[in-house]
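Novice: Have a look at this fold, sequence not included:
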DNA sequence: ATATGTGCAAATCTTTTGCAAATTC
DNA sequence: GAATTTGCAAAAGATTTGCACATAT
């Protein structure tokens, strides 16, 4: 009677149909909030929305530069801040597997945690009804209005835990 | 039939008896692992163990300097890395309420999440059987050997959600 | 036309590292 | 005495900011 979702990024990527996890269209959400849309914002938002993997600021910049070489780091960070402020993206650390940078993903209809293997670096996403229940419990018990939830798990994946160090 | 634990840091602090959350003694754990104990390590470990609140590297250094002014930033970071490696402390972001720094706390017998109010900055700790169940589910379902879990929740606390912005 | 966004370059904040001297076992 | 740890100073990595110019509504 397990109802969770386990997906490795490489298998399912960020396919919005994967395990009924979907993402609202950032562009529309921004318009709905009356946010001024510029060329750069459209570009960056499009990249984040469509990315098959979690992006950090440097990677996002790199990809954006292929479309518009004039775009600057500062714009990337400012756009990320805008999207985070509006609650349209989630920020992840992925257990700091490599450096202290942050990763971003368009907010999904269903919150999910990220499971990272310390040895091979695999990232899996995990959503389940237990997770939803926990969130509800936290909100009710502490009378808290939850805006964002970050669940990160680090350890050894199936393969790596068998292999000796 | 709620079984969770909700405690604001200011109310209960890091009292090891609070809500049956306890912390093993770092010093003993280090000895058990055959780690060489130096004066600085004893100092830093003692501070972390006894701190009533979550410490970031800079604050830890500041406190340590009161006891031994010669201690250096690098030693603080190296000791934190040692403790993290050995699985004796947990690293928190507290939702980056102020800057990108990390916070540390001695690992407790029971994992708990941190709930942060975006408006007033209050931090609450949350442990519950649902959380334990979720962890178990994740481990079983994804056949993962969990080493660390980080659950962070951001939003508005009871008081702040009532008040207008 | 006005308010807002952008590039650039410099600054800031946090954490890491190489190396010679000091400490621990 | 050999191996490990430390302080120092410099470097690195990630993100932010001030300002003059460009763009969006």
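Specialist: That came through fine. Because the structure is a prediction, the values reported are computed rather than measured. Numbering: from 1, shown residues only, chains lettered A, B, ... in the order given.
Novice: Please count neighbours and contacts with C-alpha atoms only from this point.
Specialist: OK.
Novice: and the residue minimising distance to the centre of chain A, helix, strand or coil?
Specialist: Centroid-nearest residue in chain A, with C-alpha atoms, centre = their mean: residue A:105, separated by 2.9 Å. Classification of residue A:105 into helix, strand or coil gives strand, according to DSSP: H, G, I helix; E, B strand; the rest coil.
Novice: Who is it paired with across the strands?
Specialist: According to DSSP bridges, the residues that bridge with residue A:105 are residue A:90.
Novice: In contact with it, which residues?
Specialist: If a contact means C-alpha atoms under 8 Å, 6 or more residues apart in numbering or on different chains, then residue A:105 has A:48-49, A:54-55, A:89-91 as its contacts.
Novice: for the residues you listed, which one is nearest DNA strand D?
Specialist: Closest approach between those and DNA strand D, by C-alpha to the nearest atom of the strand: residue A:91, at 9.1 Å.
Novice: Mind pulling the model confidence for that closest one?
Specialist: Residue A:91 is assigned a pLDDT of 96 by the prediction.
Novice: That one: neighbouring residues, count only.
Specialist: By other C-alpha atoms under 10 Å in any protein chain shown, the residues close to residue A:91 number 20.
Novice: Could I get the contacting residues of the closest residue to it other than its chain neighbours?
Specialist: In space, and not counting its chain neighbours, residue A:91 is closest to residue A:104: 4.8 Å by C-alpha to C-alpha, 6 or more residues apart in numbering or on different chains. By C-alpha under 8 Å, 6+ apart, residue A:104 lies in contact with A:48, A:54-56, A:89-92.
Novice: Do you have the strands of chain A handy? List them.
Specialist: Taking DSSP state E, the strands of chain A run over residues A:5-8, A:55-56, A:89-92, A:103-106, A:113-117, A:123-127, A:145-156.
Novice: Neighbours of residue A:129, how many?
Specialist: By the criterion of other C-alpha under 10 Å, residue A:129 has 14 neighbours.
Novice: do you know how far it is from residue A:136?
Specialist: If you measure residue A:129 against residue A:136 using C-alpha to C-alpha, to the nearest Å, the figure is 10 Å.
Novice: cool, and residue A:160?
Specialist: When distance is defined by C-alpha to C-alpha, residue A:160 is 33 Å away from residue A:136.
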